[in-house]
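> need a 3D model of the sequence below.
(one chain, ligands or ions: 2)
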Amino acid sequence: TKHFPVRRRGRAALTGPRRAVQAVDDVTLTLRRGRVTALVGESGSGKSTVARLLAGLYPRTGGDIRLHGETVNVKHGKAFRAYARRVQMIFQDPFASLNPVHTVRYHLTRALKIHGRAGDDLEKSLHDLLSRVQLTPPERYIDKFPHELSGGQRQRVAIARALGADPEALLADEPVSMLDVSIRLGVLNLLRDLKERLHLAILYITHDIASARYFADETMVMYAGRMVEGGDSETITQNPAHPYTRLLIESAPDPDRLTTGADPAEVPAERGAGEPPSLIDPPSGCRFHPRCPVAMERCKTDLPPRFEVDDAPGHWAACWLYDGAAR
Ligand code: SF4
Ligand code: MG
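Ligands and ions are numbered 1, 2, ... in the order given. Next up, the predicted model:
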């Protein structure tokens with residue numbers, strides 16, 4: 001859980017109620033090695049905040065992080081650094097995440113040194129990293145500056161840098177959404193290949209549910225800071241249970257296309273479905289009820305827990321429609 005306090009000015013700061021943006025509320029997910037888990041939702045649904053919480057970049061408001069069953073003490077410097085090394089983040093904009101005044105060599109050397117992996121033969125370690133991300137021959141790329149590389153090559157350097165830590169998990173926040181459509185597939189295929197060869201757990205954050213179907217083993221859907229549905233990607237995309245997931249799939253320009261771009265939140269007037277709610281005063285009960293075409297009376301007041309959807313093992317939806325007890 002992550003709530004960001006809202007600063008108020010003037011008298012309201014002294015007398016008004018304390019308010020917070022409830023950016024992430026009671027989200028639970030499990031990453032496993034050798035699997036890609038997609039976290040899908042519109043802009044502002046809280047998915048990037050989940051990645052930042054997992055990376056320890058934000059303090060949590062509640063909840064905890066466990067690695068191999070052990071709670072990670074994020075306040076303890078040494079324990080946290082050991083955890084942070086194993087969980088590396090890849091950002092949306094590879095240009096912003098690489099320092100423009102430094103070469104590929106500098107970025108990768110620094111990552112290896114920070115994580116104590118520079119070894120006796122640094123040159124070989126650097127070449128290995130570049131080969132891992134298919135920037136070959138390595139000599140062609142190692143002394144380049146970020147602006148001398150294409151967007152896709154820069155993202156590969158960012159991935160190589162993450163691999164420099166020898167991580168167990170990659171948290172990839174919209175890793176291809178700023179790249180040309182023509183090269184997105186190549187980067188996703190690279191990540192999938194790394195997942196298999198290095199037995200990585202990958203969290204794949206995207207607004208594009210079609211790419212989740214292609215790339216992820218498992219898909220979780222977020223709406224307004226909460227998780228609303230989860231299960232294997234094929235089930236979620238072919239047989240969505242939650243009314244919001246259905247809307248997300250219907251409003252995608254073409255559910256079978258791969259990563260053509262537009263963020264659903266930027267698609268105008270999507271079937272009259274309205275806007276995502278403010279997270280300062282999120283709707284009571286089910287947060288989706290003001291937009292839900294099949295909302296019932298209880299949805300306005302009662303927060304739905306996760307219910308099993310019985311079409312596939314592990315498929316669940318946080319929606320009263322699946323309340324077995326009521327049926
Ligand atoms: Fe719609 Fe109610 Fe299900 Fe929420 S709980 S998605 S409002 S039917
Ligand atoms: Mg984001």
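> how about the residues of this structure by ligand 1?
Taking C-beta under 6 Å from any ligand atom as the contact definition, the chain meets ligand 1 at 242-243, 286, 288-289, 292, 294-296, 299, 304, 319-321. Just so you know, the C-beta spots here come from the backbone N, C-alpha and C atoms, and that holds for glycine as well.
> write the PyMOL selection for whichever of those residues are buried.
Provided next is the PyMOL selection string for whichever of these are buried by 16 or more other C-beta atoms under 10 Å:
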select buried, resi 242+243+286+288+289+292+295+299+304+319+320+321
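> rebuild the residues of the chain next to ligand 1 as CSV, extending it with pLDDT and secondary structure.
As requested, those are exported to CSV (pLDDT from 0 to 100; DSSP: H, G, I helix; E, B strand; the rest coil):
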residue, pLDDT, secondary structure
242, 98, coil
243, 97, helix
286, 97, coil
288, 96, coil
289, 97, coil
292, 96, coil
294, 97, coil
295, 97, coil
296, 97, coil
299, 98, helix
304, 98, coil
319, 98, coil
320, 98, helix
321, 97, helix
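> identify, from the residues of the chain next to ligand 1, the entry nearest to residue 196.
Closest approach to residue 196 among these (C-beta to C-beta): residue 242, at 30.2 Å.
> ok, the closest one - contacts?
When contacts are counted by C-beta atoms under 8 Å, 6 or more residues apart in numbering, residue 242 touches 221, 228-229, 288, 317-319.
> identify the farthest-apart pair in the residues of the chain next to ligand 1.
Most distant of these, by C-beta to C-beta, are 242 and 296, 14.1 Å apart.
> please pull out the lowest mean pLDDT helix or strand from this structure.
helix 10-15 (a mean of 67; mean pLDDT, DSSP states H and E).
> and the closest residue to residue 288 other than its chain neighbours, which of the three is it?
Closest residue to residue 288 apart from its sequence neighbours, by C-beta to C-beta, 6 or more residues apart in numbering: residue 244 at 5.0 Å. Local secondary structure at residue 244 is given as helix here, using DSSP: H, G, I helix; E, B strand; the rest coil.
> so what's residue 244 up against?
Residue 244 sits in contact with 221, 223, 228-229, 288, 291-292, where contact means C-beta under 8 Å, 6+ apart.
> switch the cut-off to 7 Å
Neighbour list for residue 244: 221, 223, 228, 288 [criterion: C-beta atoms under 7 Å, 6 or more residues apart in numbering].
> show the pLDDT at the residue lying closest to the second one once chain neighbours are set aside.
The reference is to residue 223. Nearest non-adjacent residue to residue 223, counting by C-beta to C-beta, 6+ apart: residue 244, 4.8 Å away. Here, the pLDDT recorded for residue 244 equals 97.
> same question, residue 279
Taking residue 279 on its own, its pLDDT is 88.
> you'd agree it is up against residue 24?
No. Judged on C-beta atoms under 7 Å, residue 279 makes no contact with residue 24 at a distance of 9.2 Å.
> and these two? which has more neighbours close in?
residue 24 (28 against 20; other C-beta atoms under 10 Å).
> list phi and psi for the more buried one.
In terms of degrees, to the nearest 10, the main-chain angles of residue 24 are phi -140, psi 130.
> which residues touch it?
1-2, 46, 49-50, 53, 225.
> how about a cut-off of 10 Å?
Residues counted as contacts of residue 24 (C-beta atoms under 10 Å, 6 or more residues apart in numbering) are 1-4, 45-50, 52-53, 58, 60-63, 222, 225-227, 279.
> likewise for residue 319?
Residue 319 neighbours (C-beta under 10 Å, 6+ apart): 228-229, 241-245, 286, 288, 292, 294-295, 299, 304-307, 309.
> distance of it relative to residue 229?
8 Å (C-beta to C-beta, to the nearest Å).
> which residues do the two both contact?
Taking C-beta under 10 Å, 6+ apart as the contact rule, residue 319 and residue 229 both touch 241-245, 306, 309.
> scan this protein for its longest helix.
In the chain, taking DSSP state H as the definition, the longest helix is helix 181-198.
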